[in-house]
Structures are given as C-alpha cells and as structure tokens.
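Q: My questions are about this predicted structure, shown below with the sequence.
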Amino acid sequence: MNLEQPSQENLEYILNKLAEKLDVANRMIMDPEGYNLNKYDDLKFMYDMVMNKDGLSPSETQAFVDELRSVRKG
C-alpha cells in the first residue's frame, strides 16, 4: 500500500494502525469521518513516528492522542 498519496482509504488505514499501536480505548477519536484529507500529511507524519518506535511510554501515547484530537475536524 502506497501511503504517500492522500486518499480516504489511506486515511482510514493510517487511523486504524495508529489506534492499534496506541491501544486507543475510545475508537471514536479514530473515526476517519472526523478528519479532513487536508490534514493527511500531519497524520502521515504521526503514523511514521509511531510505527518506527518499538514501544511507547504512557506519556508518549497520551501526547500522540492529544495531537490526533488537535487535527480532528471541528
């Protein structure tokens, strides 16, 4: 899968993988409908950072979740 091109399918994939890696309990924050494709580069950057880490501390996880909230619509 080529994640370099913004698309709804890629956005959904990135959010699902982030939800798994961050072990997000409230999956509503990861609903692709809550994000604009114009924020794709920000989400892809977070995805790359998270996926390249072996593990995340609780504070790192919270920081990424907070960042996801900041790029959501509305």
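A: The structure has been received and is ready for your questions.

Q: What segments of this protein are helices?
A: For the chain, the helices defined by DSSP state H cover 8-22, 40-51, 58-71.

Q: Mind putting those helices into CSV with mean pLDDT?
A: Formatted as CSV, these follow (pLDDT from 0 to 100):
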stretch, mean pLDDT
helix 8-22, 95
helix 40-51, 96
helix 58-71, 92
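
Q: Reformat these into a markdown table and put distance to residue 33 and mean neighbour count next to each item.
A: Placement of C-beta: from N, CA and C, glycine included. Putting the helices of the chain into a markdown table (distance: least, C-beta to C-beta, whole Å; neighbours: other C-beta atoms under 10 Å) gives the following:
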| stretch | distance to residue 33 | mean neighbour count |
| --- | --- | --- |
| helix 8-22 | 9 | 17 |
| helix 40-51 | 14 | 16 |
| helix 58-71 | 14 | 13 |
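
Q: Dump those helices to CSV, plus distance to residue 32.
A: Shown next, in CSV, are the helices of the chain (distance: least, C-beta to C-beta, whole Å):
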stretch, distance to residue 32
helix 8-22, 4
helix 40-51, 10
helix 58-71, 12
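
Q: Minimum distance to residue 30: which of the ones you listed has it?
A: helix 8-22 (4.3 Å; C-beta to C-beta).
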